[in-house]
Structure formats: structure tokens, C-alpha cells
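1. Build me a model from this:
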Amino acid sequence: MLFSASLTYAGGGPVEFTVDPDTSLYPGKVYIVHARVYTDGPYPSYCQNCLIHLKLKNPQDSDVINQSSERTDDEGMVYAKVISTVPGKRVIYPADLETADGNPITSNNYVELNYIGESAFLETPTNVRISQIETTQDPDHRNVHIMWDPVPGAASYNIYINAGTADEYTVTVDTNLYEMDVNTSSVFDIVVSAVNGNLESDRSQTLIIDLSSTPVLDPAAPLVNTVTVAPCGSSSCGSITTVIIDGGNFEDTIKVAAVGLTHGEQYGQDTFSSPDVPYAVIVGKTGNNQLIVDFHGLPCNQLYKIQLYYPAPDSRYATTQTDSFAPHNACLNPKG
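-> Below is the predicted model:
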């Protein structure tokens, strides 16, 4: 039984519940709960303009109940939408119940909802971004790494390329990383959804890939010879890792980034570890061809190489070929 109602109208005004649908649901689906309040008198005597607040007796963190009104209509009715993403039974009951003139009404009526099986709700992928761009043997093509934050419960992901156009096509991957061959003269709109069996999330915000002015690796650019992490000394470094980059020509350097060796994500001066604090801050250039950079809050548990950018029109960058560094122990937990 989905509901229990003891319809003893005289002297009390019980509540009668009906549920749509009158069956068990997967988590993430919506129940509509109708509550009708009766008052003294011959059946049916509807309690018009009566106060009623429907509540969950055993709420979970994800549970939501939205009631249409706190006052009944001319037929003694209100309804509420109930949704939970957690499997299990939910009990709805009238926590507050009064007549139109404020007299309390006692009711032991309730309705029991039942969520079974796996969640029917998948979060929308977020933070869809380009994590790395690699050159290929074709000077007009790049290998682009696209990443997004993992979605709990997702078994795979759909990548919609040329999203929203007649040329849209779909690629499915089982991780939160996709590598795509991109012509530098083309522009692509990319959106991502999470999938688990027959369930699919909403599509992500659109990532536009336009490489017409993207810097490329220049083997002739000044290369970095060594990368050294400055010691903390007697005090803690906190989440800051100071890196000394040695052996290059840094006079024209306009940007620096740390590139993770695990997934190729970039942490630089235009990405932020916290509001108003970029990952990379150039703190000094010395006369003996050294560049000093503070990296704030780099994720832990991976090594990084340095990537240096030079100004347009060259739009080129250089990268360390062999040297890598690890952040201090007070780094942040890894993403993804």
C-alpha cells in the first residue's frame, strides 16, 4: 500500500492522500502527492482554506518537497512535488494542520513513497576545457586534449561535436578525457553529457575550439635547461611552491604555466587556484638567465614540467624536455 488514511470525519478532519504515480520510482524521479483535508459534517465536508504543511518524516540530504500552497482550495486540496536521488522509503505527513479559523486538527494520516534501484539522475558535466594542445606531423593539424570534471555514477560520456548543427556527430568515451585531431583553420563547438545505461545527463556548456591564434610549440624557441624547487627553510611554504627556472632567455617571456605529466592540464597565470589568486605568479627575473615563479595550490600526486610563452606575432612557446618538479607537501588534493 502506498498510502494509509483513516477516514473518521466526525470530530476531526483527517487527511486523505493520493499519489501520482501510484507505484515505486527510480531515484531522481518526481512524485506528485495530493492531500485532501476533511472537516466535521456529513461526507464529504471539505476543509476549505485550512492550513496544512506537508513534511518528510525521514528526509535525506538530497530530498526536496515543494508544496503548491499552505492553504487548501475549495475542495480541501493541496499538492506537493517530492523528489529524492537516494533509494529507500519516504514518509509524507501533515506536520501542521488547522481549520480556517486557526483551530488545530489532529491527524495520524501519512503517505509512504518508495524509491528503488539506481539513481535516475546524472549531474551535468562541468569545467569542459582544453587541457593540452600538441603538434602533429601535419603543420595545419593539432592534437587537442579535452577534459571535464568526472560525474559521479557516469559509466561513459557522449561528446557532441559541431553541437546543435546539421553536421553534429557523437563520440563516446569511458573516461573524462578525449583527444581530437583539429585543423587549425576550423572551429568546433563541443558539448559533453554523462551516460549510465539508458540514463543521460543534460549537456554541458559549449566549449569552442578555435586554434587560429593558438600558440604552438617552437623547437627553435629558447629552451629551459633546469628546474629547481626552492627549499622552504625553517618555515612552512604553505600551498606555495617556488620554482627557479634556469638556463633560458626569459626577457620576452609573457606567461608561464605548470603542465601536469599525468593528464596534461595547465596551471598558469590565467587559471586560478582560488578567487583572485592565479596558479602561477612570476616573482622575479635575474641577470643570470633565471626566472622565479610562485605556484599557488598545485594539485598533489603528480609531476609538472614548465611551459613558457612568448608574445605575438610569433605566438610560440617552449617547454622543458626532461626536467620536472613536484609541488611541496602542502599542495591541494588532486582534481578528478
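
2. mind listing the strands for the stretch 51-200 of the chain?
-> For the stretch 51-200 of the chain, the strands defined by DSSP state E, counting those that start in this stretch occupy 51-56, 64-67, 77-83, 88-98, 110-115, 129-135, 141-147, 156-161, 169-173, 177-183, 187-196, 199-200.

3. mean pLDDT lowest for which of those strands?
-> Across these, strand 129-135 has the smallest mean pLDDT, namely a mean of 79.

4. ok, back up a step: for Ser45, find the nearest of the strands of the stretch 51-200 of the chain.
-> strand 77-83 (13.7 Å; C-beta to C-beta). In short, each C-beta sits where N, CA and C put it, glycine included.

5. Give me the residues contacting the closest one.
-> 28-37, 46, 52, 54, 56, 63-72, 90, 92, 113 (C-beta atoms under 8 Å, 6 or more residues apart in numbering).

6. to the chain's geometric centre, what's the distance from stretch 84-95?
-> 26 Å (C-alpha atoms, centre = their mean, to the nearest Å).

7. Only C-alpha atoms, please: export it in CSV.
-> Written as CSV, here are the backbone C-alpha positions of stretch 84-95 (Å, rounded to 0.1, in the frame of the first residue of the first chain):
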residue,chain,number,x,y,z
SER,A,84,14.8,12.2,-3.9
THR,A,85,18.0,10.9,-5.5
VAL,A,86,18.6,8.4,-2.7
PRO,A,87,17.0,4.9,-2.8
GLY,A,88,14.6,4.0,0.1
LYS,A,89,11.2,4.8,1.5
ARG,A,90,10.0,8.3,2.3
VAL,A,91,7.0,9.2,4.6
ILE,A,92,5.0,12.4,4.0
TYR,A,93,2.7,13.6,6.8
PRO,A,94,0.9,16.8,7.8
ALA,A,95,3.2,18.4,10.3
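
8. ok, back up a step: narrow the contacts of strand 77-83 to those that are buried.
-> Among the contacts of strand 77-83, the ones that count as buried by 16 or more other C-beta atoms under 10 Å are 28-29, 31, 33-37, 46, 52, 54, 56, 65, 67, 72, 90, 92, 113.

9. got any ranges where the protein has weak pLDDT?
-> Applying pLDDT under 70 to the chain flags residues 1-13, 118-120, 213-226, 232-238, 247-254, 263-264, 286-288, 309-323, 328-336.

10. residue at max distance from the center of it?
-> Pro42 (55.1 Å; C-alpha atoms, centre = their mean).

11. how close does that one get to Thr175?
-> 67 Å (C-beta to C-beta, to the nearest Å).

12. try Val19
-> Taking C-beta to C-beta, one finds Val19 at 40 Å from Thr175.

13. more neighbours, the two?
-> Val19 (18 against 12; other C-beta atoms under 10 Å).

14. is the more buried one in a bridge, and if so with what?
-> Counting by DSSP bridges, Val19 is bridged to Val33.

15. That one reaches Val33, doesn't it?
-> Yes: using C-beta atoms under 8 Å, Val19 makes contact with Val33 at a distance of 5.6 Å.

16. Report the set of residues contacting both of those two.
-> Val111, Leu113.

17. who touches Lys55 in this structure?
-> Here Lys55 is in contact with Ile65, Ile92, Tyr93, Pro94, Ala95 (C-beta under 8 Å, 6+ apart).
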